[in-house]
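1. Have a look; sequence and predicted model below, questions after that.
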Amino acid sequence: MTLLKFTAACGFALLSTAAYADDLVPYSEAGGWDVQVDTTLGNGCLLSSDFEDGSHVRIGFDRTAGNGYVAAFNTAWGEIEDGTDYPISFMLDDEKYDGTGKGMHLDEVPGVLVSFDSPDFLTDLSAKEVMVLQSQGTEVMSIDLSGSDEAVTETVACQEEQEKG
């Protein structure tokens with residue numbers, strides 16, 4: 001089991017991670033994922049996609065906080081309260097990351113935001129097949145990571161471009 005240091009210090013400031021569509025500037029598409037720039041996070045780049053189970057997932061860089069994040073939303077998660085901490089685990093194939101998700105909503109869809117400060121998480125993500133989100137040992141989301149290697153590479157290139165400009 002790998003313990004990833006999830007940072008919660010940014011707390012409510014990270015609630016802006018759930019930028020509305022108007023705050024996201026299209027950059028490109030890679031591996032079936034959209035790569036965008038979030039103007040609310042210091043022009044942090046992200047990859048996002050919608051999945052068959054109704055989940056919407058964003059993985060990106062928060063330049064205002066100096067870390068990365070995973071935000072996952074699903075209409076089936078109706079009991080989530082904004083600002084409340086939830087114990088969560090991410091399984092990337094057989095690699096487990098434990099942390100805390102901060103409850104939030106995106107266009108009234110409940111979800112959680114998890115920030116991370118380990119580049120190993122993105123490296124693992126791009127090399128894995130499936131990401132499973134668990135809360136208190138119960139699976140709440142399982143998504144296919146096909147194309148994530150290409151999307152992570154494109155997101156990093158996007159971020160490098162933002163940092164130059």
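-> All right, it came through fine. Numbering: from 1, shown residues only.
2. mind listing what's buried in stretch 109-125?
-> 109-116, 118, 121-122, 124-125 (16 or more other C-beta atoms under 10 Å). Just so you know, the C-beta spots here come from the backbone N, C-alpha and C atoms, and that holds for glycine as well.
3. Endpoints of it, how far apart?
-> End-to-end span of stretch 109-125 (C-alpha to C-alpha, to the nearest Å): 24 Å.
4. just to revisit the earlier point, spatially, which two of the buried residues of stretch 109-125 are the most separated?
-> Val109 and Ser118 (27.2 Å; C-beta to C-beta).
5. Could you list every helix and strand that the helix or strand that Met104 is a member of packs against?
-> Using DSSP states H and E, Met104 falls within strand 95-106. Strand 95-106 makes packing contacts with strand 67-73, strand 85-92, strand 109-116 when contacts are defined by 3 or more C-beta pairs under 8 Å, 6 or more residues apart in numbering; DSSP states H and E.
6. Convert the second one to PDB, retaining C-alpha atoms only.
-> Translated: strand 85-92. Written as PDB, here are the backbone C-alpha positions of strand 85-92 (Å, rounded to 0.1, in the frame of the first residue of the first chain):
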ATOM      1  CA  ASP A  85     -13.900  15.800   4.600                       C
ATOM      2  CA  TYR A  86     -14.400  12.200   3.400                       C
ATOM      3  CA  PRO A  87     -11.900   9.400   3.800                       C
ATOM      4  CA  ILE A  88     -11.100   8.000   0.400                       C
ATOM      5  CA  SER A  89      -8.800   5.600  -1.400                       C
ATOM      6  CA  PHE A  90      -7.800   5.600  -5.100                       C
ATOM      7  CA  MET A  91      -6.800   2.200  -6.500                       C
ATOM      8  CA  LEU A  92      -4.700   2.600  -9.700                       C
END
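7. buried stuff in that strand?
-> Buried, per 16+ other C-beta under 10 Å, within strand 85-92: Tyr86, Ile88, Ser89, Phe90, Met91, Leu92.
8. who's in contact with the first one?
-> Pointing back at Tyr86 there. Going by C-beta atoms under 8 Å, 6 or more residues apart in numbering, Tyr86 touches Ile80, Thr100, Gly101, Lys102, Gly103, Val112, Ser135.
9. Just put those residues in TSV and tack on pLDDT and distance to Gln159.
-> Below are those laid out as TSV (pLDDT from 0 to 100; distance: C-beta to C-beta, whole Å):
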residue	pLDDT	distance to Gln159
Ile80	93	28
Thr100	93	24
Gly101	95	23
Lys102	96	22
Gly103	97	27
Val112	96	23
Ser135	90	29
